[in-house]
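Undergrad: Model the structure of this input:
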Amino acid sequence: MTSKSWISWVGAPLIALVLTVMPSVSPVHSVEDIRKVSVMSFGLFGDQGVFRNEATGAAQVVAGRFGSGPVNVQYNSKKGGGATIEALAMSLQVAANGMDAENDVLFLILTSHGSRAGLAVKAGQLTQTLTPSNLAEMLARTGVRHKVVVISACYSGVFIPRLANSDTLVITAADADHPSFGCRDKAKWTYFGDAFFNVALRQAKSLKNAFVAARALVRKRELREHFEPSNPLMAGGANVQPLLMAGP
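TA: Below you'll find the predicted structure:
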C-alpha cells in the first residue's frame, strides 16, 4: 500500500495576483522558505506487523517535524506487498524527479530484520536482501544532494561505510556487529524506533539531539532487560544537519 501526502500552496494564487498588479515589488524568499523535505518510509519485512507500524508512525513523526514535501509509505504483509527492492529504487527516482536536487532533502526510513549482508525484504513468498551496495547505488542515481537515511534493523551499521558522507546523514539502530531489539509482531515500535521517532524526535529540535537522547533511552532499556548493547550509530551529514531544524 502507498500513502501520499502532498502540500498545497494556498497562497500561490494570491502572490501571483499581487505580482501582476504590482510588478515593481519583488519579494525575496530564502532557500529555507522553499526547501522541501520528501519523506519515504518502507516496512520491508511483511511477516511481522511491527515493521508496517513503525514505517507508518516514523513517517508521520518526521513529516510533522521537518516535512514540507510528499510522504510515501510502503510496507509488506504476510500476503505480499509492494515494498520490494525494485519498488524502492523506482520510488526513490520518482521522488527525486519532483525535488530540487541541490536544495531539497530526501529523508529515507527503512525498518526490517537485518544481517551483516543487509536488510531482509519479505513480501508473501518473495524474499530478497537489500545490500549496502544496492542502496548506495539507488541513492546515487537520484542525483539528490542532501539525504538522511535512518535504518531500524539488526546489524544496520553495515550500511554506514557505503552511505555516510558530508551530504548524507546515516542513523542506524545498531552497529555492524550487534542485533537491535523489539521486533514483536503486534508491537507499534521496535526499541530504537520507539526511542528515536516516538519519543526523542517529537521533542528535539535537531536530528543530532534526537539521536543522543534515543541512544541513551535504548541503552537504559537494554540494560534493564539484560540485553547486550545494540550500539546505535550516527555518521556523516555535516552539510545536512543544519538544514533540518524542527519547528515548534
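Undergrad: hey, let's count contacts and neighbours off CA atoms from now on
TA: Fine.
Undergrad: And the helices in this protein?
TA: 12-21, 31-34, 49-65, 85-97, 132-142, 160-163, 191-193, 201-203, 207-224 (DSSP state H).
Undergrad: looking at this structure, which helix or strand is least sure?
TA: Every helix and strand of the chain was ranked by mean pLDDT, DSSP states H and E. The lowest is helix 12-21, at a mean of 33.
Undergrad: Adding distance to residue 124 and mean neighbour count, write the helices of the chain out as TSV.
TA: Output for the helices of the chain, formatted as TSV (distance: least, Cα to Cα, whole Å; neighbours: other Cα atoms under 10 Å):
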stretch	distance to residue 124	mean neighbour count
helix 12-21	44	11
helix 31-34	40	11
helix 49-65	13	22
helix 85-97	14	16
helix 132-142	22	16
helix 160-163	29	19
helix 191-193	24	25
helix 201-203	32	18
helix 207-224	31	18
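Undergrad: To residue 73, which of the ones you listed lies closest?
TA: Closest approach to residue 73 among the helices of the chain (Cα to Cα): helix 49-65, 6.3 Å.
Undergrad: Pull the residues that contact the closest one.
TA: 37, 39-46, 71, 73-77, 109-112, 183-190, 193, 197-198, 201-202, 246-248 (Cα atoms under 8 Å, 6 or more residues apart in numbering).
Undergrad: can you tell me which residues contact residue 142?
TA: 92-93, 96-97.
Undergrad: Tell me the buried residues in stretch 221-241?
TA: Across stretch 221-241, burial judged by 16 or more other Cα atoms under 10 Å covers 221-222, 229-237, 240-241.
Undergrad: Between the two ends of that stretch, what distance do you get?
TA: 27 Å (Cα to Cα, to the nearest Å).
Undergrad: mind checking how far that stretch is from the chain centre?
TA: How far stretch 221-241 lies from its chain's middle: 16 Å, per Cα atoms, centre = their mean, to the nearest Å.
Undergrad: residues in contact with that stretch?
TA: With Cα under 8 Å, 6+ apart, stretch 221-241 has contacts from 105, 146-148, 154, 157, 160, 164-175, 178-181, 206-208, 211, 215, 219.
Undergrad: List the ones among these that fall in strands.
TA: Using DSSP state E, the members of the contacts of stretch 221-241 that fall in strands are 105, 146-148, 168-172.
Undergrad: Using a markdown table, please lay out those residues together with neighbour count and pLDDT.
TA: Below are those laid out as a markdown table (neighbours: other Cα atoms under 10 Å; pLDDT from 0 to 100):
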| residue | neighbour count | pLDDT |
| --- | --- | --- |
| 105 | 29 | 97 |
| 146 | 22 | 98 |
| 147 | 25 | 98 |
| 148 | 25 | 98 |
| 168 | 26 | 98 |
| 169 | 25 | 98 |
| 170 | 23 | 98 |
| 171 | 28 | 98 |
| 172 | 28 | 98 |
